[in-house]
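# Mind folding the following:
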Amino acid sequence: MTNGIKFTVKVFIQTKKRLGNKLREDVATYQDYRKLLDRNDIDAIIQATADHWHTKINIDALRSGRDVYGEKPFSLTIEEGKLLRKVVKETGRVFQLGTQQRSAKQVMDGGPHPRPFQEAVELVRNGRVGKLKQVWVAIPYLSMKGGPFEEQPVPDCLDWDLFQGQSPIRPYTDRRYHPYRGWFDYCGSMAADWGNHHFDIAQWGMDTELTGPTTIEGRGFYPNEGKPNCFDVPDRFFARLNYANGIEVLFFTSLSARYNYGWPTEPHVPMSQEQSDWMFGKDVPDEVRTCDRNGVMFIGDKGRIFVNRANVYGKAAEELAENPLPGNAWRVRPSENHMKNFFDCVQSRDIPVAPAEIGHRSLTPCQLTVISIRLGGRKIQWDPEKEQIIGDNEAQSMQAREQRKPYTIS
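Sure, this is the predicted structure:
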(Lines give C-alpha, C1' and ligand atoms only; values in the text may rest on other atoms or scores of the structure.)
Protein backbone atom coordinates (compact mmCIF):
# COMPACT_ATOMS: atom_id res chain seq x y z
CA MET A 1 0.00 0.00 0.00
CA THR A 2 1.44 3.41 -0.96
CA ASN A 3 1.88 6.33 1.40
CA GLY A 4 -0.90 8.24 -0.34
CA ILE A 5 -3.40 5.40 0.05
CA LYS A 6 -2.27 4.90 3.65
CA PHE A 7 -2.98 8.57 4.30
CA THR A 8 -6.50 8.30 2.87
CA VAL A 9 -7.28 5.20 4.91
CA LYS A 10 -5.89 6.88 8.03
CA VAL A 11 -8.17 9.87 7.55
CA PHE A 12 -11.18 7.55 7.14
CA ILE A 13 -10.30 5.62 10.31
CA GLN A 14 -9.78 8.84 12.29
CA THR A 15 -13.12 10.19 11.07
CA LYS A 16 -14.88 7.01 12.10
CA LYS A 17 -13.21 7.13 15.51
CA ARG A 18 -14.27 10.75 16.08
CA LEU A 19 -17.85 9.81 15.25
CA GLY A 20 -17.71 7.10 17.88
CA ASN A 21 -18.19 4.41 15.24
CA LYS A 22 -21.52 5.98 14.32
CA LEU A 23 -20.53 5.88 10.66
CA ARG A 24 -22.79 3.21 9.24
CA GLU A 25 -21.11 0.25 7.64
CA ASP A 26 -23.50 0.53 4.71
CA VAL A 27 -22.72 4.19 4.01
CA ALA A 28 -22.54 4.69 0.26
CA THR A 29 -19.11 5.42 -1.21
CA TYR A 30 -18.28 6.29 -4.80
CA GLN A 31 -15.00 6.42 -6.65
CA ASP A 32 -16.62 8.56 -9.37
CA TYR A 33 -18.44 11.61 -8.01
CA ARG A 34 -20.79 11.64 -11.02
CA LYS A 35 -22.54 8.56 -9.67
CA LEU A 36 -23.22 10.48 -6.46
CA LEU A 37 -24.75 13.32 -8.46
CA ASP A 38 -27.01 10.82 -10.25
CA ARG A 39 -28.91 10.30 -6.99
CA ASN A 40 -32.12 12.24 -6.45
CA ASP A 41 -32.04 12.38 -2.65
CA ILE A 42 -29.09 14.77 -2.17
CA ASP A 43 -29.60 18.53 -1.80
CA ALA A 44 -26.05 19.71 -1.08
CA ILE A 45 -22.46 18.50 -1.30
CA ILE A 46 -19.27 19.21 0.61
CA GLN A 47 -16.33 19.04 -1.77
CA ALA A 48 -12.78 18.54 -0.49
CA THR A 49 -10.90 16.96 -3.37
CA ALA A 50 -7.49 17.71 -4.87
CA ASP A 51 -7.31 21.29 -6.14
CA HIS A 52 -7.44 20.49 -9.87
CA TRP A 53 -10.85 18.85 -9.40
CA HIS A 54 -12.47 21.69 -7.44
CA THR A 55 -13.97 23.63 -10.34
CA LYS A 56 -15.40 20.76 -12.39
CA ILE A 57 -17.01 18.98 -9.44
CA ASN A 58 -18.47 22.24 -8.13
CA ILE A 59 -19.86 23.23 -11.53
CA ASP A 60 -21.34 19.78 -12.15
CA ALA A 61 -22.96 19.82 -8.72
CA LEU A 62 -24.35 23.33 -9.15
CA ARG A 63 -25.80 22.51 -12.57
CA SER A 64 -27.38 19.38 -11.15
CA GLY A 65 -29.30 21.56 -8.70
CA ARG A 66 -27.13 21.08 -5.59
CA ASP A 67 -25.83 23.68 -3.18
CA VAL A 68 -22.08 23.45 -2.61
CA TYR A 69 -19.62 23.92 0.22
CA GLY A 70 -16.34 23.88 -1.68
CA GLU A 71 -12.93 23.74 -0.11
CA LYS A 72 -10.35 26.33 -1.05
CA PRO A 73 -8.59 27.21 -3.23
CA PHE A 74 -11.58 28.41 -5.21
CA SER A 75 -10.17 27.22 -8.56
CA LEU A 76 -7.00 26.01 -10.24
CA THR A 77 -6.75 28.89 -12.73
CA ILE A 78 -8.15 32.40 -13.03
CA GLU A 79 -10.36 31.49 -15.98
CA GLU A 80 -11.76 28.49 -14.11
CA GLY A 81 -12.61 30.83 -11.26
CA LYS A 82 -14.44 33.22 -13.55
CA LEU A 83 -16.46 30.33 -14.99
CA LEU A 84 -17.35 28.91 -11.58
CA ARG A 85 -18.48 32.34 -10.39
CA LYS A 86 -20.66 32.63 -13.52
CA VAL A 87 -22.27 29.23 -12.94
CA VAL A 88 -23.06 30.06 -9.31
CA LYS A 89 -24.88 33.17 -10.52
CA GLU A 90 -26.65 31.39 -13.39
CA THR A 91 -27.91 28.49 -11.26
CA GLY A 92 -28.87 30.55 -8.21
CA ARG A 93 -27.48 27.87 -5.94
CA VAL A 94 -25.83 28.52 -2.59
CA PHE A 95 -22.02 28.36 -2.67
CA GLN A 96 -19.78 28.70 0.35
CA LEU A 97 -15.97 28.65 0.04
CA GLY A 98 -14.12 26.90 2.86
CA THR A 99 -12.20 30.00 3.96
CA GLN A 100 -13.32 29.35 7.52
CA GLN A 101 -11.28 32.19 9.00
CA ARG A 102 -14.31 34.39 8.25
CA SER A 103 -16.20 32.49 10.95
CA ALA A 104 -14.77 32.92 14.43
CA LYS A 105 -15.55 29.57 16.00
CA GLN A 106 -13.48 27.74 13.40
CA VAL A 107 -10.17 29.15 14.61
CA MET A 108 -8.04 28.10 17.57
CA ASP A 109 -9.65 28.36 21.00
CA GLY A 110 -8.18 29.86 24.14
CA GLY A 111 -7.06 33.30 22.96
CA PRO A 112 -8.32 36.54 24.50
CA HIS A 113 -10.03 37.48 21.22
CA PRO A 114 -12.62 34.82 20.30
CA ARG A 115 -13.27 36.33 16.85
CA PRO A 116 -9.77 37.39 15.81
CA PHE A 117 -10.18 37.86 12.06
CA GLN A 118 -13.54 39.60 12.31
CA GLU A 119 -12.18 41.85 15.07
CA ALA A 120 -9.03 42.74 13.16
CA VAL A 121 -10.97 43.60 10.01
CA GLU A 122 -13.39 45.79 11.96
CA LEU A 123 -10.54 47.65 13.66
CA VAL A 124 -8.81 48.31 10.36
CA ARG A 125 -11.95 49.29 8.48
CA ASN A 126 -12.84 51.71 11.28
CA GLY A 127 -9.49 53.49 11.15
CA ARG A 128 -7.93 52.20 14.37
CA VAL A 129 -4.52 51.93 12.65
CA GLY A 130 -5.04 55.17 10.73
CA LYS A 131 -4.76 55.30 6.96
CA LEU A 132 -3.80 51.87 5.70
CA LYS A 133 -0.46 51.89 3.89
CA GLN A 134 0.80 48.33 3.67
CA VAL A 135 -0.40 44.79 4.34
CA TRP A 136 1.72 41.70 4.91
CA VAL A 137 0.29 38.31 3.95
CA ALA A 138 2.53 35.63 5.44
CA ILE A 139 1.84 31.94 4.79
CA PRO A 140 3.49 28.90 6.42
CA TYR A 141 6.64 27.35 5.02
CA LEU A 142 6.51 23.71 3.94
CA SER A 143 9.59 22.11 2.41
CA MET A 144 9.02 20.79 -1.10
CA LYS A 145 12.38 19.14 -1.47
CA GLY A 146 11.77 15.72 -2.97
CA GLY A 147 12.65 13.45 -5.88
CA PRO A 148 13.43 12.18 -8.35
CA PHE A 149 10.62 9.66 -7.89
CA GLU A 150 10.53 6.40 -9.81
CA GLU A 151 7.42 5.14 -11.58
CA GLN A 152 5.40 2.63 -9.53
CA PRO A 153 2.54 0.23 -10.24
CA VAL A 154 -0.85 1.86 -9.80
CA PRO A 155 -2.66 0.42 -6.74
CA ASP A 156 -5.70 -1.69 -7.59
CA CYS A 157 -7.93 0.57 -5.51
CA LEU A 158 -6.95 3.77 -7.38
CA ASP A 159 -8.35 5.00 -10.70
CA TRP A 160 -5.22 6.91 -11.71
CA ASP A 161 -6.72 8.28 -14.93
CA LEU A 162 -9.69 9.69 -13.03
CA PHE A 163 -7.50 11.19 -10.31
CA GLN A 164 -5.42 13.06 -12.89
CA GLY A 165 -8.58 14.41 -14.47
CA GLN A 166 -7.95 17.47 -16.65
CA SER A 167 -4.20 17.27 -15.93
CA PRO A 168 -1.69 15.74 -18.36
CA ILE A 169 -1.15 11.99 -18.09
CA ARG A 170 1.86 11.25 -15.88
CA PRO A 171 3.46 7.99 -14.74
CA TYR A 172 2.18 6.97 -11.32
CA THR A 173 4.21 7.52 -8.17
CA ASP A 174 2.70 7.71 -4.71
CA ARG A 175 4.33 11.13 -4.32
CA ARG A 176 2.03 12.49 -7.01
CA TYR A 177 -0.99 11.24 -5.14
CA HIS A 178 0.26 12.50 -1.77
CA PRO A 179 1.30 15.25 -1.41
CA TYR A 180 -0.34 16.38 -4.64
CA ARG A 181 0.48 19.99 -3.67
CA GLY A 182 4.05 19.34 -4.69
CA TRP A 183 3.04 19.50 -8.38
CA PHE A 184 1.71 22.30 -10.57
CA ASP A 185 -0.35 19.66 -12.42
CA TYR A 186 -2.70 19.49 -9.46
CA CYS A 187 -2.38 22.76 -7.54
CA GLY A 188 -1.17 26.35 -7.48
CA SER A 189 1.41 25.63 -4.74
CA MET A 190 1.14 26.83 -1.15
CA ALA A 191 0.80 30.37 -2.49
CA ALA A 192 -2.70 29.47 -3.69
CA ASP A 193 -3.47 27.01 -0.90
CA TRP A 194 -2.81 29.04 2.27
CA GLY A 195 -2.83 32.19 0.18
CA ASN A 196 -6.58 31.87 -0.44
CA HIS A 197 -7.10 31.88 3.35
CA HIS A 198 -4.98 34.88 4.25
CA PHE A 199 -5.56 37.02 1.15
CA ASP A 200 -9.27 36.71 1.90
CA ILE A 201 -8.66 38.44 5.24
CA ALA A 202 -6.26 40.98 3.73
CA GLN A 203 -8.71 42.13 1.07
CA TRP A 204 -11.55 42.12 3.62
CA GLY A 205 -9.58 44.56 5.75
CA MET A 206 -8.44 46.60 2.73
CA ASP A 207 -12.04 46.94 1.47
CA THR A 208 -10.94 45.47 -1.86
CA GLU A 209 -13.00 42.26 -1.78
CA LEU A 210 -14.53 42.96 -5.19
CA THR A 211 -11.44 44.19 -6.99
CA GLY A 212 -7.75 43.30 -7.04
CA PRO A 213 -4.18 44.51 -7.51
CA THR A 214 -2.93 46.44 -10.51
CA THR A 215 0.69 45.22 -10.48
CA ILE A 216 2.20 41.96 -9.24
CA GLU A 217 5.84 40.96 -9.04
CA GLY A 218 6.90 37.70 -7.40
CA ARG A 219 10.02 35.55 -7.16
CA GLY A 220 10.28 32.02 -5.81
CA PHE A 221 12.87 29.44 -4.77
CA TYR A 222 12.69 25.95 -6.26
CA PRO A 223 14.51 23.47 -3.96
CA ASN A 224 14.67 20.81 -6.69
CA GLU A 225 16.01 23.21 -9.34
CA GLY A 226 13.63 21.98 -12.03
CA LYS A 227 15.03 18.45 -12.10
CA PRO A 228 12.80 15.83 -13.78
CA ASN A 229 10.40 13.72 -11.69
CA CYS A 230 10.81 15.96 -8.65
CA PHE A 231 8.28 18.19 -6.91
CA ASP A 232 8.07 21.19 -9.24
CA VAL A 233 6.55 23.95 -7.09
CA PRO A 234 8.57 26.60 -5.22
CA ASP A 235 8.46 26.17 -1.46
CA ARG A 236 9.17 29.83 -0.63
CA PHE A 237 8.50 33.11 -2.39
CA PHE A 238 8.18 36.86 -2.00
CA ALA A 239 5.87 39.16 -3.96
CA ARG A 240 4.83 42.81 -4.08
CA LEU A 241 1.31 43.69 -5.14
CA ASN A 242 0.03 47.24 -5.58
CA TYR A 243 -3.59 48.39 -5.50
CA ALA A 244 -5.26 51.42 -7.07
CA ASN A 245 -6.00 52.84 -3.60
CA GLY A 246 -2.27 53.14 -2.89
CA ILE A 247 -1.95 50.14 -0.58
CA GLU A 248 1.01 47.81 -1.10
CA VAL A 249 0.80 44.12 -0.17
CA LEU A 250 3.86 42.06 0.68
CA PHE A 251 2.96 38.40 0.11
CA PHE A 252 5.54 35.88 1.24
CA THR A 253 6.47 32.59 2.85
CA SER A 254 7.19 32.94 6.54
CA LEU A 255 10.47 31.04 6.51
CA SER A 256 10.59 30.34 10.24
CA ALA A 257 6.95 29.18 10.47
CA ARG A 258 7.65 25.65 9.31
CA TYR A 259 4.81 23.19 8.89
CA ASN A 260 4.88 19.50 8.15
CA TYR A 261 1.29 18.15 8.02
CA GLY A 262 2.88 14.68 7.99
CA TRP A 263 3.63 15.06 4.30
CA PRO A 264 6.52 12.93 3.02
CA THR A 265 8.94 15.66 1.97
CA GLU A 266 12.65 16.03 2.60
CA PRO A 267 14.33 18.52 4.97
CA HIS A 268 14.63 22.23 4.34
CA VAL A 269 17.16 23.37 1.74
CA PRO A 270 18.75 26.67 2.85
CA MET A 271 19.13 29.58 0.43
CA SER A 272 22.40 31.41 -0.06
CA GLN A 273 22.55 35.10 0.80
CA GLU A 274 22.61 35.88 -2.90
CA GLN A 275 19.48 33.79 -3.49
CA SER A 276 17.75 35.43 -0.53
CA ASP A 277 18.61 38.92 -1.76
CA TRP A 278 17.27 38.08 -5.20
CA MET A 279 14.02 36.67 -3.87
CA PHE A 280 13.26 39.30 -1.24
CA GLY A 281 15.04 42.31 -2.64
CA LYS A 282 17.53 44.23 -0.54
CA ASP A 283 15.04 46.83 0.74
CA VAL A 284 12.74 44.33 2.50
CA PRO A 285 12.64 44.64 6.32
CA ASP A 286 14.49 41.97 8.27
CA GLU A 287 11.19 41.31 10.07
CA VAL A 288 9.84 39.92 6.80
CA ARG A 289 12.95 37.87 6.01
CA THR A 290 12.95 36.24 9.46
CA CYS A 291 9.19 36.11 10.07
CA ASP A 292 8.31 33.19 12.35
CA ARG A 293 4.51 33.22 12.17
CA ASN A 294 1.85 33.15 9.51
CA GLY A 295 -1.04 35.57 9.35
CA VAL A 296 -1.94 39.06 8.15
CA MET A 297 -0.33 42.35 9.22
CA PHE A 298 -2.18 45.62 8.62
CA ILE A 299 0.11 48.66 8.79
CA GLY A 300 -1.33 52.18 8.96
CA ASP A 301 0.06 55.61 9.69
CA LYS A 302 -1.10 55.33 13.33
CA GLY A 303 -0.18 51.76 14.18
CA ARG A 304 -0.46 48.18 13.08
CA ILE A 305 -2.40 44.99 13.79
CA PHE A 306 -1.33 41.39 13.23
CA VAL A 307 -3.92 38.60 13.18
CA ASN A 308 -3.70 34.84 12.88
CA ARG A 309 -5.68 31.84 14.04
CA ALA A 310 -4.57 32.28 17.62
CA ASN A 311 -5.00 35.97 18.39
CA VAL A 312 -5.06 39.63 17.38
CA TYR A 313 -1.91 41.55 18.25
CA GLY A 314 -1.38 45.30 18.44
CA LYS A 315 -2.25 48.36 20.50
CA ALA A 316 -5.64 48.85 18.86
CA ALA A 317 -6.68 45.32 19.86
CA GLU A 318 -5.24 45.65 23.36
CA GLU A 319 -7.22 48.85 23.97
CA LEU A 320 -10.48 47.61 22.50
CA ALA A 321 -12.01 46.64 25.86
CA GLU A 322 -11.49 50.16 27.22
CA ASN A 323 -12.16 51.89 23.91
CA PRO A 324 -14.80 49.86 22.05
CA LEU A 325 -15.96 50.69 18.57
CA PRO A 326 -18.95 53.04 18.57
CA GLY A 327 -22.45 51.84 17.88
CA ASN A 328 -22.41 53.24 14.36
CA ALA A 329 -19.10 51.57 13.43
CA TRP A 330 -18.76 49.46 10.30
CA ARG A 331 -19.23 45.80 11.17
CA VAL A 332 -18.56 42.50 9.44
CA ARG A 333 -21.44 40.19 8.83
CA PRO A 334 -21.20 37.97 11.92
CA SER A 335 -20.69 34.23 11.61
CA GLU A 336 -19.62 31.92 14.42
CA ASN A 337 -19.53 28.65 12.50
CA HIS A 338 -18.65 28.44 8.82
CA MET A 339 -20.39 25.15 8.09
CA LYS A 340 -23.48 26.20 10.04
CA ASN A 341 -23.58 29.42 8.03
CA PHE A 342 -23.64 27.33 4.86
CA PHE A 343 -26.49 25.12 6.04
CA ASP A 344 -28.41 28.12 7.35
CA CYS A 345 -28.15 29.64 3.86
CA VAL A 346 -29.22 26.38 2.24
CA GLN A 347 -32.47 26.78 4.19
CA SER A 348 -32.86 30.56 3.90
CA ARG A 349 -31.41 30.92 0.35
CA ASP A 350 -29.35 33.82 1.64
CA ILE A 351 -25.81 34.58 0.41
CA PRO A 352 -23.22 32.96 2.71
CA VAL A 353 -20.32 34.82 4.33
CA ALA A 354 -17.75 33.42 1.86
CA PRO A 355 -19.56 33.54 -1.51
CA ALA A 356 -18.16 32.75 -4.93
CA GLU A 357 -17.40 36.32 -5.97
CA ILE A 358 -15.25 36.99 -2.90
CA GLY A 359 -13.67 33.53 -3.02
CA HIS A 360 -12.61 34.11 -6.61
CA ARG A 361 -11.35 37.62 -5.96
CA SER A 362 -9.32 36.59 -2.91
CA LEU A 363 -7.58 33.83 -4.86
CA THR A 364 -6.82 35.86 -8.00
CA PRO A 365 -3.88 37.80 -6.44
CA CYS A 366 -2.38 34.47 -5.39
CA GLN A 367 -2.76 33.03 -8.89
CA LEU A 368 -1.23 36.16 -10.41
CA THR A 369 1.69 35.86 -7.99
CA VAL A 370 2.24 32.26 -9.11
CA ILE A 371 2.21 33.33 -12.76
CA SER A 372 4.84 36.00 -12.05
CA ILE A 373 6.97 33.47 -10.15
CA ARG A 374 6.75 30.91 -12.96
CA LEU A 375 7.86 33.59 -15.40
CA GLY A 376 11.02 34.17 -13.38
CA GLY A 377 9.86 37.25 -11.49
CA ARG A 378 8.31 39.15 -14.38
CA LYS A 379 6.21 42.13 -13.32
CA ILE A 380 2.56 41.74 -14.34
CA GLN A 381 0.05 44.48 -15.09
CA TRP A 382 -3.51 43.49 -14.12
CA ASP A 383 -6.83 45.09 -14.98
CA PRO A 384 -9.10 44.16 -12.05
CA GLU A 385 -12.25 45.32 -13.84
CA LYS A 386 -11.71 43.31 -17.04
CA GLU A 387 -9.85 40.61 -15.07
CA GLN A 388 -7.12 40.38 -17.68
CA ILE A 389 -3.34 40.61 -17.69
CA ILE A 390 -2.29 43.60 -19.79
CA GLY A 391 0.41 43.71 -22.47
CA ASP A 392 1.91 40.25 -21.90
CA ASN A 393 0.52 37.48 -24.07
CA GLU A 394 2.55 34.75 -22.42
CA ALA A 395 1.42 35.71 -18.94
CA GLN A 396 -2.16 36.12 -20.12
CA SER A 397 -2.14 32.61 -21.59
CA MET A 398 -1.38 31.31 -18.08
CA GLN A 399 -4.74 32.54 -16.82
CA ALA A 400 -5.99 29.20 -18.15
CA ARG A 401 -4.44 25.89 -19.12
CA GLU A 402 -5.03 23.17 -21.67
CA GLN A 403 -7.36 20.50 -20.32
CA ARG A 404 -7.37 16.80 -21.06
CA LYS A 405 -10.48 15.16 -22.46
CA PRO A 406 -12.92 13.90 -21.28
CA TYR A 407 -12.40 15.95 -18.10
CA THR A 408 -12.64 19.41 -19.65
CA ILE A 409 -14.55 22.16 -17.88
CA SER A 410 -17.03 24.34 -19.76
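# all helices for the chain, in order.
Remark: helices assigned in the chain by DSSP state H are 3-18, 33-37, 54-63, 78-91, 116-125, 160-164, 174-177, 189-206, 273-280, 286-289, 315-318, 338-348, 356-374, 393-397.
# Tell me which of those helices lies nearest to A244.
helix 189-206 (11.0 Å; C-beta to C-beta). Quick note: C-beta positions are derived from backbone N, CA and C, even for glycine.
# and the closest one, average pLDDT?
Averaging pLDDT along helix 189-206 gives 97.
# Domains in this protein, by residue range?
Taking automatic domain parsing as the reference, the chain has its domains at 3-101, 114-325+357-397.
# what's the first-to-last distance across the last one?
In this case it means domain 114-325+357-397. Length of domain 114-325+357-397, first residue to last, C-alpha to C-alpha, to the nearest Å: 43 Å.
# could I get the helices of the chain as a markdown table with mean neighbour count?
Shown next, in a markdown table, are those (neighbours: other C-beta atoms under 10 Å):
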| stretch | mean neighbour count |
| --- | --- |
| helix 3-18 | 13 |
| helix 33-37 | 14 |
| helix 54-63 | 22 |
| helix 78-91 | 19 |
| helix 116-125 | 25 |
| helix 160-164 | 16 |
| helix 174-177 | 22 |
| helix 189-206 | 26 |
| helix 273-280 | 15 |
| helix 286-289 | 12 |
| helix 315-318 | 18 |
| helix 338-348 | 17 |
| helix 356-374 | 26 |
| helix 393-397 | 13 |
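# right, and those - which one's nearest Q152?
That would be helix 174-177 among the helices of the chain, by C-beta to C-beta, at 6.3 Å.
# what separates the closest one from the chain centre, distance-wise?
Computed by C-alpha atoms, centre = their mean, to the nearest Å, the chain-centroid distance of helix 174-177 equals 21 Å.
# ok, now stretch 202-218?
With C-alpha atoms, centre = their mean as the basis, stretch 202-218 stands 15 Å off its chain's centre.
# start to end distance for that stretch?
This stretch, stretch 202-218, spans 18 Å end to end (C-alpha to C-alpha).
# Could you pull out the buried residues of that stretch?
202-206, 208-209, 211-218 (16 or more other C-beta atoms under 10 Å).
# circling back: would you mind saying which of the helices of the chain lies nearest G295?
helix 189-206 (6.9 Å).
# same for that closest one, what does it pack against?
Applying 3 or more C-beta pairs under 8 Å, 6 or more residues apart in numbering; DSSP states H and E, one finds that helix 189-206 contacts helix 116-125, strand 132-141, strand 248-258, strand 295-300, helix 356-374.
# Compare these and give me the one nearest L36.
Nearest of the helices and strands packed on helix 189-206 (C-beta to C-beta): helix 356-374, 21.3 Å.
# so how far is the closest one off the chain centroid?
Using C-alpha atoms, centre = their mean, the offset of helix 356-374 from its chain centre is 9 Å.
# what angle separates that helix from helix 54-63?
Inter-element angle recorded for helix 356-374 and helix 54-63: 160 degrees (by axes from the mean of the first three to the mean of the last three C-alpha atoms, to 10 degrees).
# Can you tell me the closest non-neighbouring residue to C230?
G147 (2.9 Å; C-beta to C-beta, 6 or more residues apart in numbering).
# which phi and psi does the one you found have?
phi 110, psi 180 (degrees, to the nearest 10).
# So what's the residue count around it?
Neighbourhood size, G147 [other C-beta atoms under 10 Å]: 19.
# Same check on the one 3 residues further on?
By other C-beta under 10 Å, 9 other residues sit near E150.
# ok, it touching R175?
No - applying C-beta atoms under 8 Å, one finds E150 not in contact with R175, separated by 9.7 Å.
# how far away is G205 from R128?
G205 sits 11 Å away from R128, going by C-beta to C-beta, to the nearest Å.
# Reformat the helices of the chain as TSV; add distance to Y222.
Putting these into TSV (distance: least, C-beta to C-beta, whole Å) gives the following:
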stretch	distance to Y222
helix 3-18	23
helix 33-37	33
helix 54-63	25
helix 78-91	22
helix 116-125	32
helix 160-164	22
helix 174-177	16
helix 189-206	10
helix 273-280	10
helix 286-289	19
helix 315-318	38
helix 338-348	34
helix 356-374	9
helix 393-397	19
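# Go through those helices and name the closest to A239.
Once the helices of the chain are compared by C-beta to C-beta, helix 356-374 is nearest, at 4.4 Å.
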